[in-house]
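**Student:** give me coordinates for this.
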Amino acid sequence: MSATADGEVPGTRGVPGTGAGGPREVLAQPRSDLVFVGGTGRSGTHLVAKLIGRHAEFENVPIEVRFHADRGGFPDLLAGRVTKEQFLRRLRGFWWKRYRSGGRPPDILPWFALGREPRGLHKFVSEAGFEAATAAFSERFDTEPEAACRELFEALLRPLADREGKPGLVEMSCATTVAAPALARIFPDALFVHVVRDGRDASASRVRQGRGLLYPRTRVQGVRWWEGRVRRIEAALAELPSDRVLTLSLDWLVQRPPNRRGYKLMRRFLGVDKQKTADTLFKRKVSPERANVGRWERGLSEDARAKVRAEYEAALERLEADGLASAPLLREIYRFEGDQVGAEQTGLAEANVAHGADR
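**Tutor:** Sure thing, here's the model as predicted:
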């Protein structure tokens with residue numbers, strides 16, 4: 001891993017006891033100091049990232065920073081689809097400060113406050129730090145584009161871990177899984193967690209967010225949207241070394257009683273031990289109700305439910321026929337309909353055999 005501008009190697013920064021957050025006991029040496037959590041959207045990425053961030057080894061970035069993964073971000077920049085100037089303009093604008101989008105008509109205007117709390121990098125990055133990081137990036141990018149991207153990301157986000165005395169970061173922008181090939185070049189040691197859930201629930205949440213103004217507008221369209229997203233993610237992750245990807249199910253984690261296999265597999269993948277703070281969150285805060293398991297059925301007639309179910313069954317069959325890595329796990333989730341998901345403990349293992357994570 002390359003050193004940063006001040007000569008430090010990222011994996012050596014934030015040594016426990018050196019940050020403003022005080023001493024932290026790191027029980028194990030994690031496999032990487034950077035973990036990206038992504039998925040289709042509305043799939044549980046925030047919960048999984050928060051769970052990882054409860055470990056002494058990782059600090060959770062509190063928002064989706066997006067500039068490294070979204071359209072117009074690092075992948076498009078490195079591919080020449082946007083210029084450095086265009087990237088910096090968006091970094092200083094939308095990614096620096098924005099307002100929640102999606103939902104009711106006022107909410108689709110992310111540039112205006114309209115009584116909403118602002119989001120973006122400005123929440124935890126000082127203006128002076130931001131300007132210094134962007135200036136260094138601009139100067140280096142023309143000759144060392146990947147190194148410049150890595151240095152910018154580290155300069156803006158690594159201080160979060162340093163302040164808490166943690167050696168690692170976990171970042172949860174949904175698009176990180178789609179952007180995985182580019183991110184893997186920028187961050188050669190990074191790990192990727194692909195969070196999946198029942199596609200009917202994930203798509204129902206997306207439809208509700210759009211309020212009929214944005215695609216997908218109906219539950220059936222939502223299933224088609226979800227399938228397309230899963231295919232894009234799987235195609236991107238297939239380009240990575242198998243041992244750098246974990247496919248994890250939200251439905252697995254939130255069932256009752258708690259399903260320890262998924263949680264244990266995640267810890268083993270990251271290279272961390274069981275810890276009280278994370279275990280407490282897992283036991284007390286992770287539940288089917290909090291995760292809105294089964295939300296797709298709400299407000300639908302029996303006929304409408306049957307149409308959504310038929311569309312979803314057809315989507316699963318297509319994913320299985322094409323051999324997508326997450327298909328066995330998604331099938332198991334569907335078979336149990338959110339009730340004791342994975343009781344046979346086969347789908348999760350099968351989903352990760354292709355990635356080399358369940359070893």
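**Student:** from here on, just use CA atoms for contacts and neighbour counts.
**Tutor:** Noted.
**Student:** for the helix or strand containing F87, packing partners?
**Tutor:** F87 belongs to helix 84-92 when assigned by DSSP states H and E. Packing contacts for helix 84-92, counted by 3 or more CA pairs under 8 Å, 6 or more residues apart in numbering; DSSP states H and E, involve helix 127-141.
**Student:** show me what the helix it packs on is packed up against.
**Tutor:** Packing partners of helix 127-141 (3+ CA pairs under 8 Å, 6+ apart): helix 84-92, helix 145-164.
**Student:** using PDB, write out every CA atom in the shortest one.
**Tutor:** Okay, so that is helix 84-92. Extracted as PDB, the C-alpha positions of helix 84-92 are listed here (Å, rounded to 0.1, in the frame of the first residue of the first chain):
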ATOM      1  CA  LYS A  84     -10.700  16.500 -13.500                       C
ATOM      2  CA  GLU A  85     -12.400  19.900 -13.500                       C
ATOM      3  CA  GLN A  86     -15.900  18.300 -13.800                       C
ATOM      4  CA  PHE A  87     -15.100  15.900 -10.900                       C
ATOM      5  CA  LEU A  88     -13.800  18.800  -8.700                       C
ATOM      6  CA  ARG A  89     -16.900  20.900  -9.500                       C
ATOM      7  CA  ARG A  90     -19.200  18.100  -8.200                       C
ATOM      8  CA  LEU A  91     -16.900  17.400  -5.300                       C
ATOM      9  CA  ARG A  92     -17.100  21.100  -4.200                       C
END
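**Student:** what does it rub up against?
**Tutor:** 67, 72-73, 77, 134, 138, 141 (CA atoms under 8 Å, 6 or more residues apart in numbering).
**Student:** any buried residues in it, and which?
**Tutor:** Counting neighbours by 16 or more other CA atoms under 10 Å, one finds that the buried residues in helix 84-92 are 84, 87-88, 91.
**Student:** wait, which of the residues you listed is closest to R260?
**Tutor:** If you rank the buried residues of helix 84-92 by distance to R260 using CA to CA, L91 comes first, at 39.8 Å.
**Student:** may I see the contacts of helix 84-92 organised as a markdown table, with pLDDT added?
**Tutor:** Compiled in a markdown table, the contacts of helix 84-92 are given as follows (pLDDT from 0 to 100):
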| residue | pLDDT |
| --- | --- |
| F67 | 98 |
| G72 | 98 |
| G73 | 98 |
| L77 | 98 |
| T134 | 98 |
| S138 | 98 |
| F141 | 98 |
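**Student:** so which of these comes closest to C174?
**Tutor:** F67 (11.6 Å).
**Student:** how is the chain partitioned into domains?
**Tutor:** The chain breaks down into these domains under automatic domain parsing: 28-57+168-359, 65-166.
**Student:** so which of those domains is the most surrounded?
**Tutor:** Stretch with highest mean neighbour count among the domains of the chain: domain 28-57+168-359 (a mean of 20; mean count of other CA atoms under 10 Å).
**Student:** just the mean pLDDT for that one, thanks.
**Tutor:** Mean pLDDT, computed over domain 28-57+168-359, is 85.
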